[in-house]
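Novice: Coordinates only, no sequence provided:
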């Protein structure tokens, strides 16, 4: 490999790397919050909420991520809005990932004994308090591995931002590749940057899972 590609364009790589991290963190938080909300809708006793949650999950999971991003990037203009590529890509990434997170959390909620809900309600907690303080904490602990996989997939899927000029790592790699005509070397370094993000995250999730298993 020609390491001059990395050293000569290090600032450009780092700008894309920073934007990739920023987009991933924002989308991770957003997808987790939205996914948890949709998961609660999915098991709600209110029929309308159940239908909305099920419809959201089935619709979003069965269309391409790129299409979701394009909806926010190009569709915003129909509403008189102007959303930049970074914002549109991040929002689309969060919405898309939230559907998968919702199903993982729903599975965790279903695994929590029903007596937990009944005991919490009988002690005076309302439905929302019971979910936030009793059910969801237990459910999330049960589904850490699939949640961790979704978070890792989110980081890798952030490369979709390059198609809407999202200023991410792949976007700047395309520029470097065009300027240097060294496509292979350029993208090998991109792969290394992604590994710097995903490998520690994967290891951290495994450590966290083992600690929880020992604790509970």
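Specialist: Looks like it arrived, so ask away. What you see is a predicted model, and the numbers here were worked out from it, not measured in a lab.

Novice: got the contact list for residue 116?
Specialist: Residue 116 sits next to 134, 135, 138 when contact means CB atoms under 8 Å, 6 or more residues apart in numbering. (Glycine included, C-beta is placed from N, CA and C.)

Novice: Most neighbours of all these, which one?
Specialist: When neighbours are counted by other CB atoms under 10 Å, residue 135 leads the contacts of residue 116 with 20 neighbours.

Novice: Now stretch 153-162: average pLDDT?
Specialist: In this model, stretch 153-162 has a mean pLDDT of 92.

Novice: try stretch 132-145
Specialist: Mean predicted confidence for stretch 132-145 is 82.

Novice: Could I get the buried residue list for it?
Specialist: 134, 135, 136, 139, 140, 141, 142, 143, 144 (16 or more other CB atoms under 10 Å).

Novice: Keep only those of these that are in strands.
Specialist: Judged by DSSP state E, strands contain none of the buried residues of stretch 132-145.

Novice: from these, which is closest to residue 4?
Specialist: Residue 4 lies nearest to residue 144 out of the buried residues of stretch 132-145, by CB to CB, at 41.9 Å.

Novice: Helices along this structure, start to end?
Specialist: For the chain, helices defined by DSSP state H occupy the ranges 4-8, 10-42, 47-61, 65-75, 85-111, 114-122, 127-130, 136-142, 144-157, 169-180, 183-215.

Novice: Which of these sits closest to residue 163?
Specialist: helix 65-75 (6.4 Å).

Novice: and the closest one, what does it pack onto?
Specialist: helix 85-111 (3 or more CB pairs under 8 Å, 6 or more residues apart in numbering; DSSP states H and E).

Novice: Give the other helices and strands that the helix it packs on contacts.
Specialist: For helix 85-111, the packing partners by 3+ CB pairs under 8 Å, 6+ apart are helix 10-42, helix 47-61, helix 65-75, helix 136-142, helix 144-157.

Novice: Of the ones you listed, which is nearest residue 106?
Specialist: When the helices and strands packed on helix 85-111 are ranked by proximity to residue 106 (CB to CB), helix 10-42 comes first, at 4.3 Å.

Novice: So which elements touch that closest one?
Specialist: helix 47-61, helix 85-111, helix 136-142, helix 144-157, helix 169-180, helix 183-215.

Novice: which of the residues in that helix are buried?
Specialist: 12-13, 15-17, 19-21, 23-24, 26-28, 30-32, 34-42.

Novice: same deal with stretch 164-172?
Specialist: Neighbour counts over stretch 164-172 (16+ other CB under 10 Å) mark 164, 166, 167, 168, 169, 170, 171, 172 as buried.

Novice: Turn the residues you listed into CSV, including distance to residue 211.
Specialist: Below are those laid out as CSV (distance: CB to CB, whole Å):
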residue, distance to residue 211
164, 39
166, 35
167, 37
168, 32
169, 31
170, 34
171, 37
172, 37
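
Novice: Residue 205: which of those is nearest?
Specialist: residue 169 (21.7 Å).

Novice: returning to that earlier point: so which of the buried residues of stretch 132-145 comes closest to residue 2?
Specialist: Checking those one by one against residue 2 (CB to CB), the nearest turns out to be residue 144, at 40.6 Å.

Novice: Before I go, just wanted to say thanks for your time.
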